[in-house]
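Trainee: Build me a model from this:
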Amino acid sequence: MGYKVAVLMGSPNDADKMAPAAATLERYGVEAVVQVMSAHRSPAAVSAFVSSARDAGYSAIICGAGMAAHLAGAAAAHTTLPVIGVPLSGGAIN
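Mentor: Model (predicted):
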């Protein structure tokens, strides 16, 4: 069985910053599934995706978000899978 990791980001604007994570996973033979979902604009979608992630075969979740960076915390609240938060520059973080 191969590994599958979700790479989540809070905005399409974060795609260039999270692309290396997905590329690195793929280079090591780990399937990377990239999704855009916001802890603020679509909390129900985050909850639904993350709550079903284990049953969908995911081994871990990587979350990248700028500003308040709530995505990782919102994801971790709904799963026992490992959640890795990646703070991205933007807004007050600059």
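Trainee: quick one: low-confidence ranges for this protein?
Mentor: Applying pLDDT under 70 to the chain flags the ranges 1, 90-94.
Trainee: List the buried residues in the longest helix seen in it.
Mentor: In the chain, taking DSSP state H as the definition, the longest helix is helix 15-27. Residues of helix 15-27 classed as buried: 17, 18, 21, 22, 25 (neighbour count, 16 or more other CB atoms under 10 Å). The way it works is simple: take the backbone N, C-alpha and C, and place the C-beta from them, glycine included.
Trainee: ok, and for the following helix or strand past that helix, which residues are buried?
Mentor: Per DSSP states H and E, the first helix or strand lying C-terminal to helix 15-27 is strand 31-36. Buried residues in strand 31-36, counted by 16+ other CB under 10 Å: 32, 33, 34, 36.
Trainee: Now do the longest helix of the chain against strand 31-36, angle only.
Mentor: 160 degrees (axes from the mean of the first three to the mean of the last three CA atoms, to 10 degrees).
Trainee: so how far is helix 15-27 off the chain centroid?
Mentor: Mean-position distance between helix 15-27 and its chain equals 11 Å (CA atoms, centre = their mean, to the nearest Å).
Trainee: again, but for stretch 45-59
Mentor: Centre to centre, stretch against its chain (CA atoms, centre = their mean), the figure for stretch 45-59 is 11 Å.
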